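Chemist: Coordinates for the following, if possible.
(one chain, ligands or ions: 2)
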Amino acid sequence: METKFINTKTLPFCNGCSHTTISQNTEKALQKLGKSLLDVILVTDIGCHGIIDKAFDTHTVHGLHGRSVALASGVSAGVNNPDKKVIVFIGDGGATIGMQHLLDAAHNGYNMTVVVHNNMLYGMTGGQPSGFTPKGFKTPTLPQGASHKGYDICGLVTEAGASYVSRITGIGDISDHLAEAFSRDGFSLVEVMEICTSYGVKSNPGMKLKSLIREAGIEIKVYADNEPQTYETQEREGLPSLFSSDMVIEKEFPHKLDRPLRLFLSGTAGEGVQAAAEMFIRAGMRCGLNVTKKGSYPVTVGVGFSASHIILSPEPIQYTGAPIPDVIIVTSEDGLKFAQKLIDNATKESLLLIDDSIERPVTKAKIITKNFREHVGGRNAMIMAVFEYLQQADIIPMEDLMKQFMGSKISANKTLKRLIEETFEIEG
Ligand SMILES: Cc1ncc(C[n+]2csc(CCOP(=O)(O)OP(=O)(O)O)c2C)c(N)n1
Ligand code: SF4
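Modeler: Ligands and ions are numbered 1, 2, ... in the order given. Here you go, the predicted structure:
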């Protein structure tokens, strides 16, 4: 039986909008190529065309306006598998905003097909002109018509090194054109000329797409049909994919957690907060736990606070926030300031582990003070603190955390290593 890629009969677009034609023909093209649902990763941009993703039963990712090609480049490089098809849906608005991403993706030969839905205006926000609006074409916010001709994206990505490029009109059965592009390795692009039946027609009454294209000198043709130069063959040969078994962390130790544990580590930039959090979650993963880690720090990463929210859980983690963490570890004044709200929210069940150089804050949490900074200096205070916490909590083996420590660059610090071994009576 033919694979159904679209899970609904009612697509979300206005009557007559060619976004419908593109979606239906994408399904048809994928069927012609014998693709299965999990072979396809559809990356959509912001705009009317982008609201289609929930109708596709493939993998889908919805990106920021203009950034879908950049996102897809990461997906393509990460997946690194020519049998998986990365397809980008982007409007002429998004393609204008993210044009550099299109040029770079073509230049680097990322495996993907970009389908530019060129209705010559920003549809979703009411018809502002884009960089692709042809000379003379009117829109609701530009009633006098565009004064310049639009960018020729097909010419530009061809010049940048795309392997296959064509421009077509979004009328009738376009599935063969799409299938042709989908079947190519490397970067391919199809620009589909369309009319926005809501705003394009309203501003240009009586206009016909084909005559408009002809009068504007927009060519409908195959622009590039070259031997593919793909990113994979040039750069990544022999490197593991992100999904490679080389990246898998095998379960090695038992754990004693029967519910999620939410920790908040808060200290000063450059004092090992992120490294300590990383060690802790990796140790959790070695025990078969689900984990999340979110770093928080100012954009000027070398100064001010540095904090990490981490969750370890025997169950899958559906929500990564923690308005009331179970444990808050504070190793500096910067960290205290940043953690203040969470300390205020803490309950009797919460634990606050805090360096004894800091004045004890008022809180409902149970407080334990320890001297983390004295022997190691600020630099590794959080590493000492997570060892201290783990020794008290006994949820995963200390040996596991020590193994993570020994696998990190910080273990080259002999003084720190000796101090951990002596304080926690554990062999490195
Ligand atoms: C960075 C950014 N700027 C502006 C917007 C507002 N915005 C949402 S949709 C849209 C227009 C989308 O037009 P286009 O990309 O051509 O897609 P269409 O709606 O025509 O399919 C704009 C400007 C946004 N979401 N993000
Ligand atoms: S507003 Fe325009 S682009 Fe958006 S769905 Fe309607 S016709 Fe299509």
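Chemist: which is the next helix or strand following the worst-scoring helix or strand of the chain on mean pLDDT?
Modeler: Scoring the helices and strands of the chain by mean pLDDT, DSSP states H and E places helix 231 at the bottom, with a mean of 77. Per DSSP states H and E, the first helix or strand lying C-terminal to helix 231 is strand 261-268.
Chemist: right, and the helix or strand after that following strand?
Modeler: helix 273-286.
Chemist: Am I right that L189 falls within a strand?
Modeler: Yes: looking at L189 with DSSP: H, G, I helix; E, B strand; the rest coil, it is inside a strand.
Chemist: which residues touch it?
Modeler: Residues near L189 by C-beta atoms under 8 Å, 6 or more residues apart in numbering: 102, 106, 113-116, 153-154, 157, 162, 164-166, 181. Where you see a C-beta, it was placed from the backbone N, CA and C, and this is true even at glycine.
Chemist: Now the residues you listed in CSV, please, with extra columns for secondary structure and pLDDT.
Modeler: Below are the contacts of L189 laid out as CSV (DSSP: H, G, I helix; E, B strand; the rest coil; pLDDT from 0 to 100):
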residue, secondary structure, pLDDT
L102, helix, 98
A106, helix, 97
T113, strand, 98
V114, strand, 98
V115, strand, 98
V116, strand, 98
I153, helix, 98
C154, helix, 98
V157, helix, 98
A162, coil, 97
Y164, strand, 98
V165, strand, 98
S166, strand, 98
A181, helix, 98
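Chemist: out of those, who's nearest ligand 1?
Modeler: Minimum distance to ligand 1 across these is 9.2 Å, recorded for V116 (C-beta to the nearest ligand atom).
Chemist: do you know how far the closest one is from T26?
Modeler: 13 Å (C-beta to C-beta, to the nearest Å).
Chemist: For the residue in the stretch 51-200 of the chain that ligand 2 sits nearest to, which residues are in contact?
Modeler: When distances are taken as C-beta to the nearest ligand atom, the stretch 51-200 of the chain reaches nearest to ligand 2 at G123, 2.8 Å away. The contact partners of G123, taken as C-beta under 8 Å, 6+ apart, are 17, 47-49, 91, 93, 196, 198-199.
Chemist: Just the ones in helices from those, please.
Modeler: Counting by DSSP state H, the contacts of G123 place 93, 199 in helices.
Chemist: Name the member of the contacts of G123 with the most neighbours.
Modeler: G91 (32 neighbours; other C-beta atoms under 10 Å).
Chemist: Show me the beta-bridge partners of it.
Modeler: H117 (DSSP bridges).
Chemist: Does it touch H49 like I think?
Modeler: Yes: at 5.4 Å, G91 counts as touching H49 under the criterion of C-beta atoms under 8 Å.
Chemist: Show me the common contact partners of the two, please.
Modeler: Contacts common to G91 and H49, judged by C-beta under 8 Å, 6+ apart, are 117, 123.
Chemist: My read is that K4 contacts T58, right?
Modeler: No: counting by C-beta under 8 Å, K4 does not reach T58; the two are 10.8 Å apart.
Chemist: Between the two, which is the more surrounded one?
Modeler: T58 (21 against 10).
Chemist: any chance of the contacts of L189 in JSON lines, plus distance to A339 and neighbour count?
Modeler: What follows is the contacts of L189, written out as JSON lines (distance: C-beta to C-beta, whole Å; neighbours: other C-beta atoms under 10 Å):
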{"residue": "L102", "distance to A339": "43", "neighbour count": "28"}
{"residue": "A106", "distance to A339": "46", "neighbour count": "27"}
{"residue": "T113", "distance to A339": "47", "neighbour count": "25"}
{"residue": "V114", "distance to A339": "44", "neighbour count": "30"}
{"residue": "V115", "distance to A339": "47", "neighbour count": "28"}
{"residue": "V116", "distance to A339": "47", "neighbour count": "27"}
{"residue": "I153", "distance to A339": "48", "neighbour count": "26"}
{"residue": "C154", "distance to A339": "53", "neighbour count": "24"}
{"residue": "V157", "distance to A339": "48", "neighbour count": "28"}
{"residue": "A162", "distance to A339": "50", "neighbour count": "29"}
{"residue": "Y164", "distance to A339": "53", "neighbour count": "24"}
{"residue": "V165", "distance to A339": "53", "neighbour count": "28"}
{"residue": "S166", "distance to A339": "56", "neighbour count": "20"}
{"residue": "A181", "distance to A339": "52", "neighbour count": "24"}
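Chemist: for the residues you listed, which one is nearest S296?
Modeler: Compare each of these with S296 using C-beta to C-beta and the shortest gap goes to L102, at 32.7 Å.
Chemist: The most centrally placed residue in the chain: what's its closest spatial neighbour, skipping adjacent residues?
Modeler: The geometric centre of the chain, computed from its C-alpha atoms, lies nearest to L71 (C-alpha atoms, centre = their mean), at 6.3 Å. Setting aside the residues directly before and after it, L71 is nearest to G63 in space (C-beta to C-beta, 6 or more residues apart in numbering), at 4.2 Å.
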